[in-house]
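J.: No sequence on hand, only this structure:
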């Protein structure tokens, strides 16, 4: 039985070579976005795209080297990739994203980490890369600066708040509870993994 298990493990390890060594793409996206809902970034338009989607807008901005931000107007399905946007202003139905470029040192670190978890397989690492591209849309937080989030976390911790209460103002109740349920499930499973 142990020989069969060892053979399966060896096959699994050779079949899932580390993503970092495949060379077919980078581990991190070239740009990631920080989204602010119901906000416009006026001015600095590189072009105007109509009858489009948020995903297509993000793709257009990512493809343009000069694009540092974009605004997607959900009411008119219009996209405005931007080089030098103005200050954010409230605008119902507009979703704006500032693009953050991945640095060479961040990519190098990600390649190292991917090599360390080669057992995860290329499919899992590709999914992680795709999630990194989408996370700004899934969890928009651009309206909160880092200092505000840290101050809120410190205040909640000082008041004896749980992790839920610390992040609820940023992520929202349902998102936090879903993530906590997933984490608790993994914690329950982890002792069983030691027996394998």
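T.: The structure has been received and is ready for your questions. Since the model is a prediction, treat every value here as computed from it, not as a measurement.

J.: my read is residue 100 is in a strand, agree?
T.: Yes. When DSSP: H, G, I helix; E, B strand; the rest coil is applied, residue 100 is found to be in a strand.

J.: count of residues packed around it?
T.: Counted by other Cβ atoms under 10 Å, the residues lying close to residue 100 total 14. For glycine as for every other residue, the C-beta is placed from the backbone atoms N, C-alpha and C.

J.: Give me the distance between residue 107 and residue 28.
T.: Applying Cβ to Cβ, to the nearest Å, the value for residue 107 to residue 28 is 5 Å.

J.: more neighbours, the two?
T.: residue 28 (19 against 16).

J.: Now do the contacts for that one.
T.: Residue 28 makes contact with 102, 106, 107, 110, 129, 132 under the criterion Cβ atoms under 8 Å, 6 or more residues apart in numbering.

J.: For residue 86, state which of the residues you listed is nearest.
T.: residue 102 (25.0 Å; Cβ to Cβ).

J.: Check what pLDDT that closest one gets.
T.: At residue 102, the predicted lDDT confidence score is 88.

J.: dump the residue contacts of it.
T.: With Cβ under 8 Å, 6+ apart, residue 102 has these contacts: 26, 28, 29, 30, 31, 32.

J.: Next: residue 136.
T.: Counting by Cβ under 8 Å, 6+ apart, residue 136 has contacts 32, 33, 34, 35, 97, 142.

J.: Which ones among these lie within strands?
T.: Among the contacts of residue 136, the members falling in strands (DSSP state E) are 32, 33, 34, 35, 97.

J.: Now the residue nearest to residue 27 when sequence neighbours are not counted: which helix or strand?
T.: What sits nearest to residue 27 in space, not counting adjacent residues and going by Cβ to Cβ, 6 or more residues apart in numbering, is residue 110, at 3.9 Å. Here residue 110 sits within helix 104-116, counting by DSSP states H and E.

J.: Which stretches in the chain count as strands?
T.: 31-36, 39-40, 69-73, 78-82, 89-90, 94-101.

J.: strand partners of the second one, parallel vs antiparallel please.
T.: Partner strands for strand 39-40, per DSSP bridges, with pairing direction: strand 89-90 (antiparallel).

J.: tell me the domain boundaries of the chain?
T.: Listed domain ranges for the chain are 21-143, 144-196 (source: automatic domain parsing).

J.: Brilliant, that's me finished.
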